[in-house]
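Enquirer: Sequence and computational prediction follow.
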Amino acid sequence: MLLEARAVSKAFDGFLAVRGVNLEVAAGEIVGIIGPNGAGKSTLFNCLAGEAVPTAGRVRFDGADVTAAPPEAHARLGMARTFQIPATFTDVTILDNVMVGAFLRHPGVAEAREAASRVLDFAGLAGVAHLRAATLGTPGRKRLEIARALATEPRLLLLDEALAGLTPSEIRQAIELVREIHRRGVTLVIVEHVMEVILALAQRIIVLNHGEVIASGAPDAVVNQPEVVEAYLGRSLTRRRP
Amino acid sequence: MRWRWTLLAAAALLAPLILQGSFYHRVLALVVLAAISASAWNILGGYAGQISFGHAMFFGAGAYMPAFVYAHWHAAPALGLPLGVAVSLAIAVAIGVPTLRLQGHYFSMTTIAVAELIRILVSNWPPLGAAVGLQGPATARTVWDLTFRGSVTYYYIFLVALAALLGVTAWMERSRMGYYLRAIRAGERAARSLGVPARRYKLYALMLSAAFTAVAGSLYVVMIGFIDPDSGLAVLISVEMVMVTALGGAGTLFGPLLGAAILIPLEQTANVLFGGSGTGFTFIFYGGIIILLSLFEPGGLLAIWRDRVVPALRRRPTPPVRHAA
């Protein structure tokens, strides 16, 4: 297993946001994590990425225990992430943003610039590489977020609602980009609100509700399970007592 | 870009010949000195975005050591410079490791507290002259006493130190460290997720900054020949570094130089006009600058020049920005 979470729980002042979640991701997979608002998706995501240390349970990445490792150690080991609200470095150029990631594997400035340019090419941002990142709108920033993470040359990429807030045509382009990343051998874990995205991309999904996994399996099967429908839409009308 | 710096260097070298007289020479030397300490502060505060209001402790470390080695061992004050840098680095590591875990205002507040603590300790510690202070040599025994008549020699010594500091900063700006520091300033969380060991690089920036701030302190004391807690460790010294940098433009090579060239002559003139009570005016003046900068242009004068003056001079609208898909 490339990524393995065992009985991961995270409490905030006694409130259990994530309760005993088990998750396994094999190399080459695309796994989706879905669930209604407040289900604990982001908290679980942060536990996986090293942003938060789980209250209980362990996280292993490629055989190494990374439960309490800081985010920069995750990046070094080959796990990259994006932020739900793009954390763009706005006062430097788009190229400089990506170079920060590229420096991880290419310490020299010239090599980092070259590697970053290749990533920008791939992400379709080459044309704007020398503009200040502040000039990008939301779609561009989401794209830059992915490009920057890719520049660290990860084996596993965690996408936190990387496509939220895009228009339908932008979403289609972004889905293509994610597919292309996957074709290049990167394993993906995707937290997403937009069901269309999950159904198009994920080979397997897990559903969180109130911090617990309530369903997992192939996307088509899972989204029709009564527990999942109920978590998203509430109790179905036909089963409501008079 | 290069020809501008050449021009600036030429102007700096010729300035004492054009502005004759001991008052002008003294102001020129103090401008360069303020440019050194502000440029040193700028490495941590400007490039790495960690706002310290306690850099007086590093300035003081550098300023006290030359006076200390002279007062106790009659050694040449020049020897105190490497010693001051060493003490400053030790303080930087000792306070940096715990405080750089703090972010934003918390880091700033801690630096004020530590600097004030050191000022109070030194004010009560006889080996460092307590509240009375320490005296440097009155007349030069050898050239290593760095005691000269007039300010011109100091001015040129300071220029050499400033050039070295700007050289180091320019190199850092373009290296991996520069990219990492700018990333930390823009967002530490994101930087760390991209593999930037943020705490380690903040500590590097603090150490580099502390070392050169100590150099500024040592140069100050060899010129003035006297140091006490008020002139070496007061909070106003820290604030001056912040002001000079912020006024010119933090996180740029040229910003601190511009800030020093504007603020220091004003301050010195105010001192002449108002005498000892001028310190109070300085505080009010700094307060006014802080309010104006934070209200209108946190990027300082260089940002005003770049974003408002240059486009206006070109008399055409800035080209429309193409958004990426």
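Expert: Yep, it's here.
Enquirer: which residues sit in contact with the nearest residue to B:Glu116 once chain neighbours are set aside?
Expert: The shortest distance from B:Glu116 to any non-neighbouring residue, by Cβ to Cβ, 6 or more residues apart in numbering or on different chains, is to B:Val235 (6.7 Å). In short, each C-beta sits where N, CA and C put it, glycine included. Residues counted as contacts of B:Val235 (Cβ atoms under 8 Å, 6 or more residues apart in numbering or on different chains) are B:Phe53, B:Ala56, B:Ile112, B:Ala115, B:Glu116, B:Arg119.
Enquirer: Need those in CSV (columns: pLDDT, neighbour count and secondary structure).
Expert: Below are these laid out as CSV (pLDDT from 0 to 100; neighbours: other Cβ atoms under 10 Å in any protein chain shown; DSSP: H, G, I helix; E, B strand; the rest coil):
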residue, pLDDT, neighbour count, secondary structure
B:Phe53, 94, 21, coil
B:Ala56, 97, 30, helix
B:Ile112, 94, 16, helix
B:Ala115, 96, 26, helix
B:Glu116, 96, 18, helix
B:Arg119, 96, 21, helix
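Enquirer: Of these, just say which sits nearest to B:Gly299.
Expert: Proximity of those to B:Gly299 (Cβ to Cβ) peaks at B:Phe53, which lies at 19.6 Å.
Enquirer: how close does the nearest residue to that closest one once chain neighbours are set aside sit to chain A?
Expert: Counting by Cβ to Cβ, 6+ apart, B:Phe53 lies nearest to B:Ile112, which is 4.6 Å off, once chain neighbours are set aside. Distance, B:Ile112 to chain A, by Cβ to the nearest Cβ, to the nearest Å: 26 Å.
Enquirer: Residue 2: how many residues sit nearby?
Expert: In the absence of a named chain, this looks at chain A. 19 (other Cβ atoms under 10 Å in any protein chain shown).
Enquirer: Chain B is the one I meant
Expert: Neighbours of B:Arg2 (other Cβ under 10 Å): 6.
Enquirer: Quick check: the gap between it and A:Gly185.
Expert: Distance of B:Arg2 to A:Gly185, given as Cβ to Cβ, to the nearest Å: 45 Å.
Enquirer: again, but for A:Pro71
Expert: Taking Cβ to Cβ, one finds A:Pro71 at 23 Å from A:Gly185.
Enquirer: So if I had to pick from those two, which one is more boxed in?
Expert: Legend: neighbour count by other Cβ under 10 Å for A:Pro71 and A:Gly185, higher for A:Pro71 (24 against 9).
Enquirer: Help me confirm that that one comes into contact with B:Arg192.
Expert: Yes: contact criterion Cβ atoms under 8 Å: A:Pro71 and B:Arg192 qualify, at 4.3 Å.
Enquirer: tell me how far the helix or strand of chain B with the lowest mean pLDDT is from the chain's mean position?
Expert: Every helix and strand in chain B was compared by mean pLDDT, DSSP states H and E; the lowest is helix B:278-296, with a mean of 78. Counting by Cα atoms, centre = their mean, to the nearest Å, helix B:278-296 is centred 18 Å from the centre of its parent chain.
Enquirer: and what of stretch A:106-123?
Expert: Counting by Cα atoms, centre = their mean, stretch A:106-123 comes out at 22 Å from the chain centroid.
Enquirer: pLDDT averaged over that stretch - what is it?
Expert: Stretch A:106-123 shows a mean pLDDT of 96.
Enquirer: Also stretch A:220-239?
Expert: Mean predicted confidence for stretch A:220-239 is 74.
Enquirer: Ok, stretch B:24-31 next?
Expert: Rounded mean pLDDT across stretch B:24-31 is 94.
Enquirer: where do the helices sit along chain A?
Expert: A:41-49, A:71-77, A:94-102, A:109-123, A:138-150, A:168-183, A:195-201, A:219-223, A:226-233 (DSSP state H).
Enquirer: B:Phe107 against B:Ile95, yeah?
Expert: No: contact criterion Cβ under 8 Å: B:Phe107 and B:Ile95 do not qualify, at 10.3 Å.
Enquirer: Phi first, then psi, for the residue lying closest to B:Arg176 once chain neighbours are set aside.
Expert: Of all residues not flanking B:Arg176 in the chain, A:Phe103 sits nearest, at 5.1 Å (Cβ to Cβ, 6+ apart). Per-residue torsions, A:Phe103: phi -60, psi -20 (degrees, to the nearest 10).
Enquirer: secondary structure element for the residue lying closest to B:Ile157 once chain neighbours are set aside?
Expert: Closest residue in space to B:Ile157, ignoring its immediate chain neighbours: B:Leu219 at 6.8 Å, by Cβ to Cβ, 6+ apart. Assigned by DSSP states H and E, B:Leu219 falls within helix B:198-224.
Enquirer: which ones are touching B:Ile118?
Expert: Taking Cβ under 8 Å, 6+ apart, one finds B:Met57, B:Gly60, B:Ile91, B:Leu233 in contact with B:Ile118.
Enquirer: Tell me the spacing between the residue nearest to B:Leu194 when sequence neighbours are not counted and A:Gly140.
Expert: Excluding its sequence neighbours, the residue lying closest to B:Leu194 (Cβ to Cβ, 6+ apart) is A:Gly101, at 4.4 Å. According to Cβ to Cβ, A:Gly101 and A:Gly140 sit 16 Å apart.
Enquirer: what about these two, which has more around it?
Expert: A:Gly101 (30 against 23).
Enquirer: these two touch, right, that one and A:Ala149?
Expert: Yes: A:Gly101 lies in contact with A:Ala149 (Cβ under 8 Å); the separation is 6.6 Å.
Enquirer: joint contacts of those two?
Expert: By Cβ under 8 Å, 6+ apart, the residues touching both A:Gly101 and A:Ala149 are A:Ala80, B:Leu194.
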